[in-house]
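A.B. asks: model the following, please.
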Amino acid sequence: MGTHIMLYCHGNGAICRHSTGQRRVASALEQTQATGVGRLRWPELEEVDNELSKGNEKGALSIVKVLKDKPGGLRAFGSARQIPQRLYTLDELKLNGIETVALLSPVDTALGSIERIVQAAALLGGIAAWKVFGLSPGQILFLSLGLLFLWTLDAVYFNGGVSFLVLDTLGHSFSQKYHNRVVQHEAGHFLIAYLLGILPRGYTLTSLEALKNEGSLNVQAGTAFVDFEFLEEVSRGKVSATTLDKFSCIALAGVATEYLLFGYSEGGLADINTLDKLLRSLGFTQKKADGQVRWAVLNTVLTLRRHERARSMLANAMSQRRSVGYCIDVIEKTIGDDDI
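C.D. replies: Below you'll find the predicted structure:
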């Protein structure tokens with residue numbers, strides 16, 4: 001994370017990047033106002049959306065904290081019940097119904113299938129063009145070299161952004177399973193962050209939305225958080241155990257959600273890699289890093305199981321592109337007193 005770090009989980013995984021994020025939040029707010037959100041339980045949540053749309057993250061977080069301390073206010077914010085922090089074994093995770101290989105080794109079969117179809121279509125199109133236009137072997141060679149150059153350009157300068165944009169757009173357009181997985185994945189990130197006391201500040205569900213809002217191919221869809229407090233710790237060169245625990249759970253929330261719903265995860269590989277990179281940068285040994293990941297996996301899975309209905313309702317709201325304030329309202333209305 002950083003002040004504007006987002007967890008992106010689409011297709012080949014998640015990528016942490018820096019972004020202003022203001023246009024993204026403003027867009028979500030405009031869509032919500034256009035479609036109508038109904039009456040929120042707390043009118044102050046509309047102010048949260050307004051502050052986020054202006055880029056005033058500290059102001060938005062301040063409103064949420066005031067609402068949390070208000071009688072009958074935001075009970076769920078930062079209220080997650082967490083398990084003790086200790087070294088958990090793989091057997092303990094299995095006893096809780098968690099197969100770490102299926103959860104922590106995501107392979108995106110949906111986009112992989114679409115990519116193979118696109119490649120086959122391109123090959124057939126090339127053959128058809130060769131026969132229709134009577135291209136010479138030299139012309140075919142130059143055409144192939146041109147396509148190879150464009151592919152290399154995309155890989156080097158856009159980190160594969162153009163290719164992924166095409167595949168992601170096709171995935172959302174023709175695979176309901178892929179679209180639903182992405183929505184559920186992002187809902188997992190959003191819910192866990194909120195329950196741990198980290199305010200989400202915006203989200204997008206497709207690479208095309210991210211491109212429209214950010215104007216960059218290097219930014220993929222995902223959920224962004226108000227995390228300036230984390231940046232302050234990083235700038236001091238010391239990340240507290242509490243902050244690290246939160247970051248670990250948020251990073252793994254997407255793959256954990258997919259695992260609980262489908263029995264395996266497909267998106268979120270780079271989420272895992274980002275967490276691993278952070279732990280190594282903090283000087284964690286492999287054993288200590290494994291312990292941190294196992295604790296975060298178990299803690300996150302148990303939290304998601306406890307709040308399954310809230311995650312489902314939140315995913316529905318996010319699929320309608322509701323604002324952050326509206327999504328918070330959905331969480332608070334769904335989670336009962338017994339769940340806190």
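
A.B. asks: show me where the stretch 201-340 of the chain has strands.
C.D. replies: Along the stretch 201-340 of the chain, the segments classed as strands by DSSP state E, counting those that start in this stretch run 222-225.

A.B. asks: where does the prediction get shaky in it?
C.D. replies: For the stretch 201-340 of the chain, the stretches with pLDDT under 70 are 215-219.

A.B. asks: mind listing the helices for the stretch 101-250 of the chain?
C.D. replies: Along the stretch 101-250 of the chain, the stretches classed as helices by DSSP state H, counting those that start in this stretch are 109-133, 137-157, 161-174, 176-195, 207-214, 228-235, 241-262.

A.B. asks: phi, psi of residue 106?
C.D. replies: phi -70, psi 140 (degrees, to the nearest 10).

A.B. asks: check contacts around it.
C.D. replies: By C-beta atoms under 8 Å, 6 or more residues apart in numbering, the contact set of residue 106 is 13, 255, 258, 264-269, 272. Backbone N, C-alpha and C define where each C-beta goes, glycine included.

A.B. asks: wait, isn't residue 61 in contact with residue 199?
C.D. replies: Yes - look at residue 61 against residue 199 with C-beta atoms under 8 Å: they come within range, at 5.2 Å.

A.B. asks: which residues do those two both contact?
C.D. replies: Joint contacts of residue 61 and residue 199 (C-beta under 8 Å, 6+ apart) are residue 226.

A.B. asks: related to what we said a few turns ago, need the contacts of residue 106 in JSON lines with distance to residue 242 and neighbour count, can you?
C.D. replies: Shown next, in JSON lines, are those (distance: C-beta to C-beta, whole Å; neighbours: other C-beta atoms under 10 Å):
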{"residue": "13", "distance to residue 242": "27", "neighbour count": "22"}
{"residue": "255", "distance to residue 242": "22", "neighbour count": "30"}
{"residue": "258", "distance to residue 242": "26", "neighbour count": "24"}
{"residue": "264", "distance to residue 242": "31", "neighbour count": "16"}
{"residue": "265", "distance to residue 242": "26", "neighbour count": "28"}
{"residue": "266", "distance to residue 242": "31", "neighbour count": "25"}
{"residue": "267", "distance to residue 242": "27", "neighbour count": "29"}
{"residue": "268", "distance to residue 242": "23", "neighbour count": "32"}
{"residue": "269", "distance to residue 242": "26", "neighbour count": "21"}
{"residue": "272", "distance to residue 242": "21", "neighbour count": "21"}
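
A.B. asks: low-confidence stretches in the stretch 51-200 of the chain?
C.D. replies: If you take pLDDT under 70 as the line, the stretch 51-200 of the chain has these spans: 110-131, 135, 139-165, 168, 171.

A.B. asks: make it 90
C.D. replies: Filtered on pLDDT under 90, the stretch 51-200 of the chain yields the residue ranges 70-72, 107-178.

A.B. asks: which ones are touching residue 241?
C.D. replies: Residue 241 neighbours (C-beta under 8 Å, 6+ apart): residue 85.
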